[in-house]
Structures are given as structure tokens and as C-alpha cells.
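In: task: produce atomic coordinates for the following.
(2 chains)
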Protein chains: 2
Amino acid sequence: MILAYIGLGNMGYIIAGHIADKLKQDGEPTLLVYNRSNAKVDALIADGKHVQSASIDHIARHADIIFTCMFNDEASKQIIGKDMIGSGQMKHGAIIVEQATIRPDTAEFLASIANEKGLHYLTCPVMGAPPRATAKLLVPLLAGNPAQRKIVRPYLENVIGKVVVEVGDSPGSALRLKLCGNYIIVTMVEMIAEALTLGEASGVGQNKVQELLAGLFAGTPVTDYAQRMTDETYDDVRFSLDGANKDTTYILDLAEKSNADIPMAKVFKNHLDKLTSDYPSLDISGVVGVVREASGLPFNLKKA
Amino acid sequence: MILAYIGLGNMGYIIAGHIADKLKQDGEPTLLVYNRSNAKVDALIADGKHVQSASIDHIARHADIIFTCMFNDEASKQIIGKDMIGSGQMKHGAIIVEQATIRPDTAEFLASIANEKGLHYLTCPVMGAPPRATAKLLVPLLAGNPAQRKIVRPYLENVIGKVVVEVGDSPGSALRLKLCGNYIIVTMVEMIAEALTLGEASGVGQNKVQELLAGLFAGTPVTDYAQRMTDETYDDVRFSLDGANKDTTYILDLAEKSNADIPMAKVFKNHLDKLTSDYPSLDISGVVGVVREASGLPFNLKKA
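Out: Here you go, the predicted structure:
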């Protein structure tokens, strides 16, 4: 079985490395890898990973399972929809596994054109940031045809995470669940920002609130975000505003289509808009600065 | 040293029991206990606890440390301010430890009248619901004069919780921090309600979102609230709407006085108002029904 990975961004790079390790361990052929810029491919090779550089065309013609993790819907439509499926060169029964957070409708569209050509398109976005990816603690959300899910699952379970959540047969379902997950993350970020600011503004001090958050939410992403906000390390971008804006737009679109009333997402969106306009290159945790300013405090409490 | 506990509500009852156990273990006199209705006092006695029923007057005249946990500011002002401090009968240097969530200003007022009489008033609200109290896993937030905090601390640490957070010298500071904590709880409840509803409305199903929440927030109050919402057990009141309304009013008042911008608390308040108006006797977790209705779903998904 020939596997491939297309799109070696922050997450794709780490996941591809884990899958390559799994293939090596099982005595399987090297993982074919492609990235828009070659540097990430070279880095995987320099790292001694069981991988081989390949073109999109080569991957389309030879791979049985192709994981993809590109930045947006347009890239998925172009490379999966046109360059691969549209080429007519793919192996019959080949399985594409979409790992990017794209619109559920885009996933349904790509699945339908794959099916027309006797190909399969699964979705498998993941919950968890790069440090969790490195630690093989991602939560993959897998959806699509059950027979193909069964084939792909061994390359995820205990490879990139301990637990694989099987979402359903519809390829859009995993994306919808991922957007629910992203809703949880962005409103959690807003909640932490507001709680720290309430503590600071009321005179009790943000550090005491941080202690409280650590007590209530030990071992969760809450403690990490609270730390980044009080340390004011928003220059270290782990969740970019580009990504946050894309996710929030998709969340609000999903809510509108579903008639779901989620006003907290709109509260976050307002603060995100302000942050993006004032400081477009910061990490999402910089939203605390916007909340501080709205509360008559400076953007940064410690740094000038 | 004579200790007393006034106010045996859901939390006070459990905490008084733990303090009585500590006194027994140390060979100290029984804990003097008072409650508005006698049933809770009788229950502690029937439970074999190291306690003794006493009047407010008796407690005021004999106790060295008096814990109080009454429902609202008015009760604290009456019993602590008038019946005890105002009686002029208290032991010189006696310490009152306020455990109720009252307004920070009320606490500052009671501390000032205590000081005038050579008495001490500390605040020690706690984070954590009754099950955490039973398990001695509360987080007490202790504030007031450091010398008196040192005297009281041994009756809290490893008695009702593992970690005592020392908030500061101002009695109002622990209440302000407690309100920050309550802000975290109520916005967390709203976030869970909206996330489950987004999952349900978008067709992925609330149970998949619950799985996600469990993965992200294992071992935190999130999983418990998500369970109560999907089980629809809002009739089992653990956090009453009376309590939620009081807390939310105090949070918004604190934010207004501090000029803190916390729009998420207002989002929750809107849903809480609707819930209180439609179903005044439910648990706070019933807010998910309001979010469902605002999203075109029925209040209950499972039950008629």
C-alpha cells in the first residue's frame, strides 16, 4: 500500500512524520510527500523520516491513501478536485483523507466528484494544537464511507492520537463537528480574556484569576491560553488571526445555515475584528488586549 | 478555642461537618452550630458529628472563630452586623469568617464595623459545588488581616480543600475573586449550551459535541454540565436559578463599577432571564433549553 501526504504546514508536517514512522515500523514503502514550498519536504528528509519527495501528479497516479492538509477551501478544490481527481489518472478505489478545516459543503462537493470516478473522499480534521500533535495526542474526527474509514483508521489510532472519533457517513459531518470544536476553542479564549480582565479591572489582579483557572481547568488548553495572556507572548503565533478569522467565519456561516443561536461566537468575532484591524500579525491570545482596552486598561499590562 | 458555624445550607452543612471532624480529631471542643431551621442541626447530630446546637446569642458570647454561610447580603448584615457585632457581647479578638458570596462592598462594611469593636472579619468564599465539598476538594479564597488568616487557615487546609488561595488583606478581594470565578462558571455553562445546540442544529448531533467536550475538558466541571444538559436532568437542582441570578447580578455590578467590558456575561444573563421567567424552579443547566428554543429546536430533545 502506497501512502502520501500533501500539505506540510504546522500540523501536516508533524502528522506526516508520525505516519512515516508508522510505515517504517510496519515495513511499508516510504510516505510520498508534497508541499507547495520544498523546505518542509527537505526538513522531513533531513530529520531521517521514512519519506520521499513526490509531485502531485506522481502521488495522484501511485498512491492508495492520500492525506491532505492545505490552508483553505480553494487549495483543496484546486489540488484535490482538479489536479488529482480531475486528472483521471488516480488508482481505482484510492482514498483521499481531508485533514484541513474546510467548509462542510466543500467536503460534500469533493466527495461527490470523487465518487463519480470510483474514488473515495473521507474527512478527518483534528482537534488539538501542534504541541498535542507532537505528543500524539490529537483527536482525529473521521467521517465518510465506513469501509474506507476502517482502512484508514490504523494510520490514525495510536499514530497521531489515542482516540479516533467516528463521526458519521457524511463527509461534511466531521467538518461540522470540527467547527463545533473551534467554536468551543474561540469562546474559551474570549472567556479567559474577559475573566482575566475582570480580575484586573476590579483590583483583585489577573494573576489570582489565573490561579483560579488553573485550579478549575488543570490539564486543559485553558491553562495554556491564560499563561500566554498574562505572559503577553502574543508575538509567538500558535493560532494565527488568519486561521481564527477563517474558523470564525465558517462557524458563523454554519450557525446561520443551521438556524443555531450562538451569540457568544459573535462576541468573540467583534473582538477578533478589532484585534485583526489593529495588530494583524499577533496570536489569537492577543484578544485579551482588546478586552483590556475596552475596559479602560492598556493593551499590555507588563510590556510598554 | 471555641468554633462555631452559622448557616447550614447545601455548602455550609458539608463544610461544618468537615470542621467538626477536624475538631474531634484534634481533641477540641464541639463545633457550635446554628441554622434558621433546626432540621439541619438535627441531621448533623444524627450523623454523629462533633457538634452542639447553639443560639446566635450563645455563639456571639462564647465563640473564638465563627464561620458563617447565609444566603444573601441582608442575612449577613442582620446576623453578623446586628445580632452579633451589634450585641457588644462578643469575645475581644473573635474572628468571623464569611463564607457566603455577598457583595464586596457589604464585606468591607462588615469588616469596618467589626474592627471598631476590636473584632475581626475575614472572607472565605469557596469555589466548587457540593460534590467537591463532600470530597474535600473545595478551593477556599481567603482574605483579610494576615494574622487572623494564619489562625483560621488550619481549619480550611486539608479540611475542606487541598489548596487555600490567599487573596489579600482587603476582605472585599476574596469576594471579587469569587465573582470572577462565578463569571467563569456561568459563561462556561452558556458555552456548553451553545456548543451542544450548534452540534444538534447542524445535524452532527449533541452527543458528538459532548464527546469532544469530554476529550478537551476531562476532569473539569465542563463534563458534568454537558452530561446534565444531554441527560436533561434540570429538575435535579444543584445550582439554583435564585443563586445564578444573584451571582450574575453581582458579577455585572462588579463589572460596571470596575469599567470591565465582559459581554459574554450579558449573553448568559439574557438566556438566564428567559429561563427564570419560563421555568423558575430548574437547575442552571436548563439554560440549554432556552438556547435550543432560540435555535428552533424544542426545549427538551429527549423528554416530552
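
In: now do the contacts for A:Ala75.
Out: Contact analysis of A:Ala75 by CB atoms under 8 Å, 6 or more residues apart in numbering or on different chains lists A:Gly7, A:Ala100. C-betas here are computed from N, CA, C, even on glycine.

In: do that again at 6 Å, thanks
Out: Neighbouring residues of A:Ala75 by CB atoms under 6 Å, 6 or more residues apart in numbering or on different chains: there are none.

In: how near is it to A:Ile15?
Out: Using CB to CB, to the nearest Å, A:Ala75 is found at 17 Å from A:Ile15.

In: same check, this time on A:Leu179
Out: Distance from A:Leu179 to A:Ile15, counting by CB to CB: 20 Å.

In: what's the answer for A:Ser53, then?
Out: Distance of A:Ser53 to A:Ile15, given as CB to CB: 17 Å.

In: who has more neighbours, those two?
Out: Using other CB atoms under 10 Å in any protein chain shown as the criterion, A:Ser53 and A:Ile15 rank with A:Ile15 on top: 28 against 15.

In: from chain B, how far out is that one?
Out: Applying CB to the nearest CB, to the nearest Å, the value for A:Ile15 to chain B is 18 Å.

In: quick check: which element contains that residue?
Out: helix A:10-25 (DSSP states H and E).

In: counting by contacts, list what that helix packs against.
Out: With contacts taken as 3 or more CB pairs under 6 Å, 6 or more residues apart in numbering or on different chains; DSSP states H and E, helix A:10-25 sits against strand A:31-34, helix A:130-134.

In: OK, contacts around A:Asp42?
Out: For A:Asp42, the contact set (CB under 6 Å, 6+ apart) is empty.

In: so chain A: which segments form each domain?
Out: For chain A, automatic domain parsing gives the domain ranges A:3-169, A:176-294.

In: check whether the helix or strand bottoming out on mean pLDDT in chain A comes near chain B.
Out: Each helix and strand of chain A was given a mean pLDDT (mean pLDDT, DSSP states H and E); the minimum falls on helix A:130-134 at a mean of 90. No - between helix A:130-134 and chain B, judged by CB under 6 Å from any CB of the partner chain, nothing touches; the nearest distance is 10.3 Å.

In: same for the helix or strand just after that helix, what does it pack against?
Out: From helix A:130-134 onward toward the C-terminus, using DSSP H and E, the following helix or strand is strand A:139-143. Contact here means 3+ CB pairs under 6 Å, 6+ apart; on that basis strand A:139-143 packs against strand A:165-168, helix A:171-201.

In: at 8 Å instead, please
Out: strand A:120-123, strand A:126-127, helix A:146-152, strand A:165-168, helix A:171-201, helix B:206-216 (3 or more CB pairs under 8 Å, 6 or more residues apart in numbering or on different chains; DSSP states H and E).

In: what's the angle from it to helix B:206-216?
Out: Strand A:139-143 runs at 160 degrees relative to helix B:206-216, counting by axes from the mean of the first three to the mean of the last three CA atoms, to 10 degrees.

In: show me where pLDDT drops low in chain A?
Out: Applying pLDDT under 70 to chain A flags the ranges A:304.

In: nearest spatial neighbour of the residue located most distally from the centre of it, chain-adjacent residues omitted?
Out: Relative to the mean C-alpha coordinate of chain A, counting by CA atoms, centre = their mean, the farthest residue is A:Gly203 (37.2 Å). Spatially, and ignoring its direct neighbours in sequence, A:Gly203 is nearest to B:Arg176 (6.7 Å; CB to CB, 6 or more residues apart in numbering or on different chains).

In: from chain B, how far out is the residue nearest to A:Met70 when sequence neighbours are not counted?
Out: Leaving aside its chain neighbours, A:Met70 sits nearest to A:Gly7 (4.3 Å; criterion: CB to CB, 6+ apart). Separation of A:Gly7 from chain B (CB to the nearest CB): 24 Å.

In: does A:Gly7 really touch A:Cys69, like I thought?
Out: Yes - with contact defined as CB atoms under 8 Å, A:Gly7 reaches A:Cys69; the gap is 4.1 Å.

In: any shared contact partners between those two?
Out: Both A:Gly7 and A:Cys69 are in contact with A:Gln99, A:Ala100, where contact means CB under 8 Å, 6+ apart.

In: deepest of the domains of chain A, which one?
Out: Most buried of the domains of chain A by mean neighbour count (mean count of other CB atoms under 10 Å in any protein chain shown) is domain A:176-294; its value is a mean of 21.

In: just to revisit the earlier point, of all the helices and strands packed on helix A:10-25, which one is nearest A:Thr233?
Out: A:Thr233 sits nearest to helix A:130-134 of all the helices and strands packed on helix A:10-25, at 14.1 Å, using CB to CB.

In: what's the spacing between the closest one and its chain's center?
Out: Taking CA atoms, centre = their mean, to the nearest Å, one finds helix A:130-134 lying 11 Å from the centre of the chain it belongs to.

In: check stretch A:286-296 too.
Out: How far stretch A:286-296 lies from its chain's middle: 26 Å, per CA atoms, centre = their mean.

In: just stretch A:96-114 next, same as before
Out: 14 Å.

In: now do stretch A:48-59
Out: Relative to the centre of its chain, stretch A:48-59 is centred 22 Å away, using CA atoms, centre = their mean.

In: quick one: end-to-end distance for that stretch.
Out: Stretch A:48-59 has an end-to-end distance of 21 Å (CA to CA, to the nearest Å).

In: residue numbers of the stretch 51-200 of chain A in contact with chain B?
Out: A:127, A:139, A:141, A:163, A:165, A:167-168, A:173, A:176-177, A:179-181, A:183-184, A:187-188, A:190-191, A:194-195, A:197-199 (CB under 8 Å from any CB of the partner chain).

In: quick one: A:Asn158 from chain B, how far?
Out: Distance from A:Asn158 to chain B, by CB to the nearest CB: 16 Å.

In: just list the residues touching the residue lying closest to that residue once chain neighbours are set aside, thanks.
Out: Using CB to CB, 6+ apart and skipping the chain neighbours, the partner closest in space to A:Asn158 is A:Lys136 (7.6 Å). Taking CB under 8 Å, 6+ apart, we find A:Lys136 in contact with A:His18, A:Asn158, A:Val159, A:Ile160, A:Gly161, A:Lys162.

In: which phi and psi values does the third one adopt?
Out: Backbone dihedrals for A:Val159, given as degrees, to the nearest 10, come out at phi -110, psi -50.

In: that one touches A:Ala20, doesn't it?
Out: No - applying CB under 8 Å as the test, A:Val159 and A:Ala20 come out as separate, 10.0 Å apart.

In: list the contacts of A:Asn35.
Out: The neighbours of A:Asn35, taking CB under 8 Å, 6+ apart as the test, are A:Ile6, A:Gly7, A:Leu8, A:Gly12, A:Val41.

In: and with 7 Å instead?
Out: Residues counted as contacts of A:Asn35 (CB atoms under 7 Å, 6 or more residues apart in numbering or on different chains) are A:Gly7, A:Leu8, A:Val41.

In: and stretch A:55-73, how far out from the chain's middle?
Out: From the chain centre to the centre of stretch A:55-73 is a distance of 18 Å (CA atoms, centre = their mean).
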